[in-house]
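K.L.:
heads up, no residue letters with this:
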């Protein structure tokens, strides 16, 4: 690394409340790697792709407000959730490309003393590690490689699609054949498991409207990983994690098969390979326990 990495950390809601182990493991990994994260405590929810359907302008204002707080720190924003990443980067793209829309948003932001200038980029913590920190640098710090483990990556949707927006932030990851998680797994010493569902949707955003559909989507991924002989799965998205980890009993009933597949957050596998204790990474918070690391 030519210089010390420093980001404004946008946690979103889920990493603080529903999956606190994600924030815990992120901070532990960042500390171990010497990556400085400044928390954006003033930031609000991104709208989770639901507010956007109800009030598009309000969604733009809220997400631009979050970006303004990163700009005030003169830092790029880093996210922990695929959906937060999508809504933040999509907002930035829209108002960067449309001066009239940007001015309307800024008119509202001026009421709270903010103005969007468009100087802070947005990227997920996965790509901060893979692209900015660099996998070669990470490899040199691995002290407990995850050898003998078959690990199934689950990318989810919003980090890799739409590629015309996310490509700038994810090293131009191929949305049909992504490889960042696969490469990260290999650097951490594990064997990356290939299966058809690894870049499909988990169903989180249709769960309230059609839980059976959501269960089938998650079930396809869980069983795809199971049938590919994975020991556990890993995902960079806490919303995917909630569906895949918390709902396995119900998903098993929907799919007609018993499922017992541990699902880890992306920073947790990095932390384990760096020698950070499982307890410090919050592995005890999972519904389906990763018994290998107890």
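P.N.:
In hand now; what should we look at? What you see is a predicted model; the values in this text were computed from it and never measured.
K.L.:
got any ranges where the stretch 1-150 of the chain has weak pLDDT?
P.N.:
Where the stretch 1-150 of the chain drops to pLDDT under 70, the residues are 1-3.
K.L.:
cutoff 50 now
P.N.:
Filtered on pLDDT under 50, the stretch 1-150 of the chain yields the residue ranges 1-2.
K.L.:
For it, just list every one of the strands.
P.N.:
Ranges of strands within the stretch 1-150 of the chain are 6-10, 36-39, 77-79, 122-124, 150-153, based on DSSP state E, counting those that start in this stretch.
K.L.:
got a list of what the nearest residue to residue 112 once chain neighbours are set aside touches?
P.N.:
Excluding the flanking residues, the one nearest residue 112 by C-beta to C-beta, 6 or more residues apart in numbering is residue 65, at 7.4 Å. Yep, even glycine has a C-beta here, placed from its N, CA and C like the rest. Residue 65 sits next to 43-44, 109, 112, 114 when contact means C-beta atoms under 8 Å, 6 or more residues apart in numbering.
K.L.:
Could you list the domains of this structure?
P.N.:
Domain segmentation of the chain under automatic domain parsing yields 6-123, 134-284.
K.L.:
rewinding a little: highest mean neighbour count out of the strands of the stretch 1-150 of the chain?
P.N.:
Mean neighbour count (mean count of other C-beta atoms under 10 Å) peaks for strand 77-79 among these, with a mean of 29.
K.L.:
elements contacting that one?
P.N.:
strand 6-10, helix 56-72, helix 82-97, strand 122-124 (3 or more C-beta pairs under 8 Å, 6 or more residues apart in numbering; DSSP states H and E).
K.L.:
buried sites along stretch 64-79?
P.N.:
64-71, 75-79 (16 or more other C-beta atoms under 10 Å).
K.L.:
what about the nearest residue to residue 139 once chain neighbours are set aside, distance to residue 225?
P.N.:
Sequence neighbours aside, residue 187 is the residue nearest to residue 139 in space, at 5.0 Å (criterion: C-beta to C-beta, 6+ apart). Using C-beta to C-beta, to the nearest Å, one gets 20 Å for the distance from residue 187 to residue 225.
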